[in-house]
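Visitor: Fold the following and give me the result.
(2 chains)
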Amino acid sequence: MTDLARGLADPAHDAQRLFRAVLDGFSHPGRIVALPQAPAGVGPLSAAATAFVLTLVDRDTPLWLAPAFDRDAVRDFVRFHTGAPIVAREAEALFALLTPDRAATLDGFAIGSDPYPDRSATLIVEVPSLSTGPERFLRGPGIQSRTTARVDGLPDSFWSEWKANNALFPCGVDVVLTACSELLALPRGIVVEA
Amino acid sequence: MPDGAYNYAYLDEQTKRMIRRAILKAVAVPGYQVPFGGREMPLPYGWGTGGIQVTAAIIGQDDTLKVIDQGADDTTNAVSIRRFFARVADVDTTTRTEEATIIQTRHRVPETPLQEGQILVFQVPIPEPLRMLEPRETETRTLHALSEYGVMQVSLYESIARHGRIAKTYNYPVLVNGRYMMSPSPIPKFDNPKLDRNPALQLYGAGREKRIYAVPPYTPVKSLDFDDHPFEIETWEQCCALCGSKASFLDEMIVDDEGQRLFVCSDTDYCEERRK
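Guide: Sure, this is the predicted structure:
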């Protein structure tokens, strides 16, 4: 525990600034948002994913870790700084940290129900880059007409899974793609075309 | 100076995280009312406790806050909320619509067009548009789940049958992105077109009912109507007695004991800017 990574230096103000960046991302899906003063990434996690966890995860939100992230450094960090229960079953999680290969299928996570679509999971997917991948077109709430995203490193099946997820609207998972200290949000209502 | 006895922006960090998560869900499902654990605030229900909690969860020291009540910056509700945040959140305040990053509003949308990056926070008394037609929460929830809004169309039809037109003038129901029916809060229907594809983010907070909902930027918001009775906004024969505007929402004022009337802009900032 002595080498536990630091959390937010100034919890109230740092979390507020980070949340506003996340909110900006959700309000403008597909837009790459830089996180201001993001803390250093912990273990295998990017700075953006670490910042997202510190900003929004707490003891009320069970967290699921992909096997690649299920390490002591991450578990200790999450437990100490957020108090979030780390769950073994995807279905119990409200937030999840995923590797691109685990994002090949979105099955197993909570999608909410028609009366309560908010009871769904938010998936944080770590990718190598948000700007050097194949071009895809996004439409939906928050996007003026159409925008492009160039997320790299996601398996093709993620995008077919996303189509199925989008068809569940208003149910479905929300995805946040993270790389370095940047993130790009993909709320469930966004239609993605190649 | 912020008040040292309280956490920054009054609410504790755990509460802010909970509200922030609700806001993200609300943005992800536009028009859907997300339940949240509303807190007791230092002012009574009906004075904007929902809007204040939303503002407290998003506001930071870099923000510039504007608060309006019925369009005016200088009424009791607006002044006290503005002072509250100046004290607990150490933010700059303004009355200028263009300068504000967050605008908390009761019952109006500013006349000055909003820009991308601005956030409009509405104070909502009754978030459920179907509540007056169906009192049971379990039923209205099912109606939203099924997108079954016939009961509201019937209500509007009855209004036409009785009055020859849709007589509803405020809190006029809208459909967000073709999916969820939403109460725009008690804004005049004059303001409904401003909600449609607005570049600013709209957040709605209902404190007593403990609901948060949202309309993301550029999202279609359609006022309900019929092909043969299209949606119409209020019009006036008069123009503003102070600035001469013919395009803004006018308040009727009685100015003396002889019943003299005056029509003036409800949006005080808009009116003042035009008079400069």
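Visitor: Pull out the buried residues from the helix ranked longest in chain B.
Guide: Ranked by number of residues, the top helix in chain B under DSSP state H is helix B:13-28. For helix B:13-28, a neighbour-count test (16 or more other C-beta atoms under 10 Å in any protein chain shown) marks B:13, B:15-28 as buried. (Each C-beta comes from the backbone N, C-alpha and C, glycine too.)
Visitor: which one is A:Arg102 nearest to, not counting chain neighbours?
Guide: A:Ala66 (4.4 Å; C-beta to C-beta, 6 or more residues apart in numbering or on different chains).
Visitor: and what of A:Thr122?
Guide: For A:Thr122, the closest residue by C-beta to C-beta, 6+ apart turns out to be A:Asp174, at 4.8 Å.
Visitor: Show me where the stretch 51-200 of chain B has its strands.
Guide: B:64-69, B:92-93, B:102-106, B:119-123, B:174-176, B:180-182 (DSSP state E, counting those that start in this stretch).
Visitor: Make a markdown table out of these and add mean neighbour count and distance to chain A.
Guide: Listed next are the strands of the stretch 51-200 of chain B as a markdown table, based on neighbours: other C-beta atoms under 10 Å in any protein chain shown; distance: least, C-beta to the nearest C-beta, whole Å:
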| stretch | mean neighbour count | distance to chain A |
| --- | --- | --- |
| strand B:64-69 | 24 | 13 |
| strand B:92-93 | 16 | 15 |
| strand B:102-106 | 25 | 10 |
| strand B:119-123 | 26 | 8 |
| strand B:174-176 | 22 | 8 |
| strand B:180-182 | 23 | 8 |
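Visitor: Need those in TSV (columns: mean pLDDT and distance to B:Leu201).
Guide: As requested, the strands of the stretch 51-200 of chain B are arranged in TSV below (pLDDT from 0 to 100; distance: least, C-beta to C-beta, whole Å):
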stretch	mean pLDDT	distance to B:Leu201
strand B:64-69	98	15
strand B:92-93	97	20
strand B:102-106	98	10
strand B:119-123	98	5
strand B:174-176	98	13
strand B:180-182	98	15
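Visitor: Redo these as TSV? Include distance to B:Glu237.
Guide: Converted to TSV, the strands of the stretch 51-200 of chain B look like this (distance: least, C-beta to C-beta, whole Å):
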stretch	distance to B:Glu237
strand B:64-69	26
strand B:92-93	36
strand B:102-106	27
strand B:119-123	30
strand B:174-176	27
strand B:180-182	32
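Visitor: before we move on, the earlier item: do you know how far the residue nearest to A:Arg102 is from chain B?
Guide: 21 Å (C-beta to the nearest C-beta, to the nearest Å).
Visitor: pLDDT below threshold where in the chain?
Guide: If you meant another chain, say so; for now it's chain A. A:1-2 (pLDDT under 70).
Visitor: if you could check chain B rather than the one you did, that'd help
Guide: Within chain B, the ranges that satisfy pLDDT under 70 run B:1-3.
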